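>>> 3D model of this:
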Amino acid sequence: MKQKRSICLSLNQIKMKNCPYCGNNGKFYLKVYSRIYHRCSKCDLIYKDFQESYDKSVAVYRDKYFSKYSSEQLRGNRNKLFESILNRIERKRQVGRLLDVGTGCGFFLVAAQKRGWKPAGIEPSMQSVEFGRKKSRLDIFHGTLMEYAGDAKLDAITFINVLEHSVEPWQEIERAGKFLKPGGLIYIRFPNGLVHGKIQLLASRIGLSNRVGRFLVFHKYSFTPGYIRRLLSDSGFSEITFQNSQLSEGDPGGLFSNVFVTRAAKRSFYLVAKAIEIITHKQLLLGPSLEVTATKRYAG
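Next up, the predicted model:
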């Protein structure tokens, strides 16, 4: 564990050919517009070769999140997704103290509160924090998980489409573990890097890379189940379980003609992916987003 941590790079530098997690020599994997991604053959992390500093990355979400990215929550497009996430968590843990990292405007906290949880959130966007505090009187810390100093031993911590935006996601997971009780649950939802990557590779071969790219999701990192499993295991978690995630109801990429077509298409896609997941005993996960739960190991 300590040896692995010493290999991780500071990420204050810009160009990264070596894997920022394990230090292995990454190989070119794909290109999305002008962004180049490498894939590590050792830990299976897919990472962008150009990374901004931690401070610059946080500033983007602090200053621009509410105006550019909050519409999905404000329109209620994630409400059913939030209920699905809580269902997943509650199948494994009784209600208790929950912390949502990157909580946005706090709608997930509202849903959790209604079901008996004692929720709190962390959010770098002050506009989003003020919205959640004013509208629903939510407990939201303004800042990042690395700045958070809560001392409560939590029953659950959630990262809902947040971790792939982090400059050093392994540090976030390690710190999350410090706030969890032994046996506490971590939940992560993330874009399925294998599916998005394979589609982009196929599109590039037939000359449709730029047209298809806007419908795919690539952030600072593109996670695979193999990498997330490695990350969680290295960080002191066990009972690691993956499945396809239910999709939100929005269409930020403008792929479909109207809201009803969007919902029908997304529902159909999810059901097909879920059927394949069941038939293959979770060996083949083809949904555009995945979710994983894991348990903090007990000491000793």
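>>> low-confidence ranges in the stretch 151-300 of the chain?
Scanning the stretch 151-300 of the chain for pLDDT under 70 picks out the ranges 250-259, 262, 300.
>>> How is the chain partitioned into domains?
Using automatic domain parsing, the domain ranges for the chain come out as 1-51+192-220, 54-190+223-243+290-296.
>>> could the ones you listed go into a markdown table alongside distance to residue 265 and mean neighbour count?
For glycine as for every other residue, the C-beta is placed from the backbone atoms N, C-alpha and C. Shown next, in a markdown table, are those (distance: least, C-beta to C-beta, whole Å; neighbours: other C-beta atoms under 10 Å):
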| stretch | distance to residue 265 | mean neighbour count |
| --- | --- | --- |
| domain 1-51+192-220 | 12 | 16 |
| domain 54-190+223-243+290-296 | 14 | 19 |
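>>> need the strands for the stretch 101-250 of the chain, in chain order.
Per DSSP state E, counting those that start in this stretch, the stretch 101-250 of the chain carries strands over the ranges 118-123, 140-142, 154-160, 180-191, 221-222, 237-244.
>>> Kindly state which of the domains of the chain is positioned closest to residue 283.
domain 54-190+223-243+290-296 (10.1 Å; C-beta to C-beta).
>>> could the domains of the chain go into CSV alongside distance to residue 278?
As requested, these are arranged in CSV below (distance: least, C-beta to C-beta, whole Å):
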stretch, distance to residue 278
domain 1-51+192-220, 17
domain 54-190+223-243+290-296, 10
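>>> what's residue 98 in contact with, if anything?
89, 112, 117, 118, 119, 120, 154, 155, 156, 157, 158 (C-beta atoms under 8 Å, 6 or more residues apart in numbering).
>>> Residue 181 versus the third one, what's the distance?
Between residue 117 and residue 181 the computed distance is 14 Å (C-beta to C-beta, to the nearest Å).
>>> How about the last one?
Spatial separation of residue 158 from residue 181 under the definition C-beta to C-beta is 15 Å.
>>> what's the angle between the longest helix seen in the chain and strand 237-244?
Using DSSP state H to define each element, the chain has its longest helix at helix 259-279. Orientation of helix 259-279 against strand 237-244 (axes from the mean of the first three to the mean of the last three C-alpha atoms, to 10 degrees) gives an angle of 130 degrees.
>>> follow-up on the earlier one: could the contacts of residue 98 be laid out in TSV, adding distance to residue 55?
Output for those, formatted as TSV (distance: C-beta to C-beta, whole Å):
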residue	distance to residue 55
89	32
112	31
117	32
118	32
119	28
120	24
154	27
155	32
156	29
157	24
158	25
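>>> which of these are the two that sit furthest away from each other?
89 and 120 (15.1 Å).
>>> for the contacts of residue 98, which one is nearest residue 176?
Looking across these and measuring by C-beta to C-beta, the closest to residue 176 is residue 157, at 4.8 Å.
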